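S.K.: Predicted model and sequence below, questions to follow.
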Amino acid sequence: MLHFVHHPDYVAPGAPGTGMLFDKYGLVPMALDEMGAAYEVHHPDPMPRRWIEAVHDPDYVEEVLICTVSPEKQRRIGFPIGERVARRAVMSPGGTWLAARLALRHGFAANGAGGSHHALYDTGAGYCVFNDLVIAANRLIAEGTVRRILIVDLDVHQGDGTAALTAGRDDIVTFSMHGEKNFPARKAVSDLDVALADGTSDADYLAVLAQYLPSLIDDARPDLIFYQAGVDPHGEDRLGRLDLSDVGLEARDRFVMASAARQGIPLASVLGGGYGNDRMAVARRHARTMLTLADEHDRAAASFRH
């Protein structure tokens, strides 16, 4: 059973001419239904403002909430900030926090949005408004729910905002494996960064992941893993520049979950990037990632029982 966090407010229209297609968030549940998936929907509450302001500049938070973000910042984000986008910006971190709580109870849960890893302290960037990963992680730690969180970011773009917002913290460990020449041009410094050459395909990608992830989990010893499970490393992704196949993405996701389950560490996934003119194809990739993670978690749980 997939524990799936979703809310109608996740769905907001993308501006014409931008690459950000918000409606993929509405298509992911349709893709799950199309695949005959067994899942339970959990509806999040919006993230309380005080927890957003614990990570982001309160002035910037105010600008988003009352839709007065400057044209310069809106260009950096990549789309206008209107009422529906602002609503989604506070609902998505609430969903990531809820997915974490569900993962701590069930072992795995997926947020059907989130992964906004480019958002910085006083601005958004790269289709990201607020950094749901850091907001949720900070809240979980501050509330005493967990002591340490590992953020595994396998989106094709570096998690620069996540790295910048957690710099100097030892209770949030960041790992980003991304395209070396892809956005952002100026990379931040994660606890562990692995840059990949354009065109990296399944075998090489999986070998690099196996080289780094298990030892990182052993060293970090987290109570929870956040998995930024962007599907934009896929070879057909419009912004990806890597060359993973459907089989490669599935192997990636199984390896991440198996590595967590082997240590008994709960994992919460967030949607992350995925871009293309065929919006349903992108939504299907996201849905397959969630179902793969759920299936691998169930396999691991069954093996432990036996």
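M.R.: Sure, I can see it.

S.K.: Next, work out how far apart Arg105 and Ile135 are.
M.R.: Going from Arg105 to Ile135 by CB to CB, to the nearest Å gives 20 Å. C-beta here means a position set from N, CA and C on the backbone, and glycine is covered the same way.

S.K.: Who has more neighbours out of those two?
M.R.: Ile135 (27 against 10; other CB atoms under 10 Å).

S.K.: Contacts only, for the more buried one.
M.R.: Residues counted as contacts of Ile135 (CB atoms under 8 Å, 6 or more residues apart in numbering) are 47, 51-52, 54-56, 93, 96-97.

S.K.: Which elements pack onto the biggest strand by length in the chain?
M.R.: For the chain, the strand that runs over the most residues, judged by DSSP state E, is strand 172-179. In terms of contacts (3 or more CB pairs under 8 Å, 6 or more residues apart in numbering; DSSP states H and E), strand 172-179 is packed against helix 132-142, strand 149-153, helix 160-165, strand 192-196, helix 202-220.

S.K.: Next, count neighbours for Ala164.
M.R.: 18.

S.K.: could you give me the average pLDDT of the longest strand of the chain?
M.R.: Here strand 172-179 scores 98 as its mean pLDDT.

S.K.: Okay, now the unreliable bits of this structure?
M.R.: 13-22, 305-306 (pLDDT under 70).

S.K.: Tell me if I'm right that Asp155 and His117 touch.
M.R.: Yes: contact criterion CB atoms under 8 Å: Asp155 and His117 qualify, at 6.5 Å.

S.K.: These two: which is more packed in?
M.R.: A side-by-side neighbour count of Asp155 and His117, using other CB under 10 Å, places His117 first with 31 against 26.

S.K.: Surely Ile225 is in a strand?
M.R.: Yes: assignment of Ile225 by DSSP: H, G, I helix; E, B strand; the rest coil places it within a strand.

S.K.: isn't it right next to Pro266, touching?
M.R.: Yes: assessed by CB under 8 Å, Ile225 is found in contact with Pro266 at 7.2 Å.

S.K.: Just the buried ones from the contacts of Ile135, in ChimeraX syntax?
M.R.: Only the buried members of those enter the following ChimeraX selection, criterion being 16 or more other CB atoms under 10 Å:
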select :47,51,52,55,56,93,96,97
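
S.K.: I'd like the contacts of Ile135 as JSON lines, with distance to Ala110 and secondary structure appended.
M.R.: Supplementary listing: those in JSON lines, determined by distance: CB to CB, whole Å; DSSP: H, G, I helix; E, B strand; the rest coil:
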{"residue": "Met47", "distance to Ala110": "18", "secondary structure": "coil"}
{"residue": "Trp51", "distance to Ala110": "21", "secondary structure": "helix"}
{"residue": "Ile52", "distance to Ala110": "22", "secondary structure": "helix"}
{"residue": "Ala54", "distance to Ala110": "24", "secondary structure": "coil"}
{"residue": "Val55", "distance to Ala110": "22", "secondary structure": "coil"}
{"residue": "His56", "distance to Ala110": "24", "secondary structure": "coil"}
{"residue": "Pro93", "distance to Ala110": "15", "secondary structure": "helix"}
{"residue": "Thr96", "distance to Ala110": "10", "secondary structure": "helix"}
{"residue": "Trp97", "distance to Ala110": "13", "secondary structure": "helix"}
